[in-house]
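**Student:** got a predicted model here, sequence first, then my questions.
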Amino acid sequence: MPSVDTDGDGLISLKEQKKKRRKEDDMEGPETRALFNIADQNKSGKLDRVEFADFIRLVRLSAIKFANDHFREFDSNGDGKVTVDELSQLITQKIWNTRG
């Protein structure tokens, strides 16, 4: 927890969690807040170790749901498998669509 718990209080605030998530991926702010709020059982605005484990579980479930919802988009040739080339092509398209 030390790499996420930047103020050393033994808890992970939403601000600390957002900073960590920003480094790892491009998870949207509203989604981070929603998952954080679900995991923050005592509504303290900070996650203890158990709540943090719940948050990570929720993030993983969110990723699985995303994969299930978008698999066909990634599998451009419809063979039921996603190749590196298909991922690269889709990522490149997404980058150009958001920049232009």
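**Tutor:** Thanks, I have it.
**Student:** next secondary structure after the lowest-mean-pLDDT helix or strand in the chain?
**Tutor:** Every helix and strand of the chain was ranked by mean pLDDT, DSSP states H and E. The lowest is helix 14-24, at a mean of 67. Moving toward the C-terminus from helix 14-24, the first helix or strand encountered (DSSP states H and E) is helix 29-39.
**Student:** that next one packs against which elements?
**Tutor:** For helix 29-39, the elements it packs on are helix 14-24, helix 49-74, judged by 3 or more C-beta pairs under 8 Å, 6 or more residues apart in numbering; DSSP states H and E. Using the backbone N, CA and C atoms, a C-beta is placed for each residue, glycine as well.
**Student:** dump those to TSV, plus mean neighbour count and distance to Ile38.
**Tutor:** Below are these laid out as TSV (neighbours: other C-beta atoms under 10 Å; distance: least, C-beta to C-beta, whole Å):
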stretch	mean neighbour count	distance to Ile38
helix 14-24	15	12
helix 49-74	13	6
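**Student:** out of those, which comes closest to Leu87?
**Tutor:** Distances from Leu87 to each of these were compared by C-beta to C-beta, and the smallest falls on helix 49-74, at 6.4 Å.
**Student:** now do the closest one, average pLDDT.
**Tutor:** Across helix 49-74, the average pLDDT comes to 90.
**Student:** let me know the angle separating it from helix 29-39.
**Tutor:** If you take axes from the mean of the first three to the mean of the last three C-alpha atoms, to 10 degrees, helix 49-74 sits at 140 degrees to helix 29-39.
**Student:** can you give me the end-to-end distance of stretch 69-89?
**Tutor:** For stretch 69-89, the separation between the terminal residues is 18 Å (C-alpha to C-alpha, to the nearest Å).
**Student:** quick check, distance from that stretch to the centre of its chain.
**Tutor:** Centre-to-centre, stretch 69-89 and its host chain are 20 Å apart (C-alpha atoms, centre = their mean, to the nearest Å).
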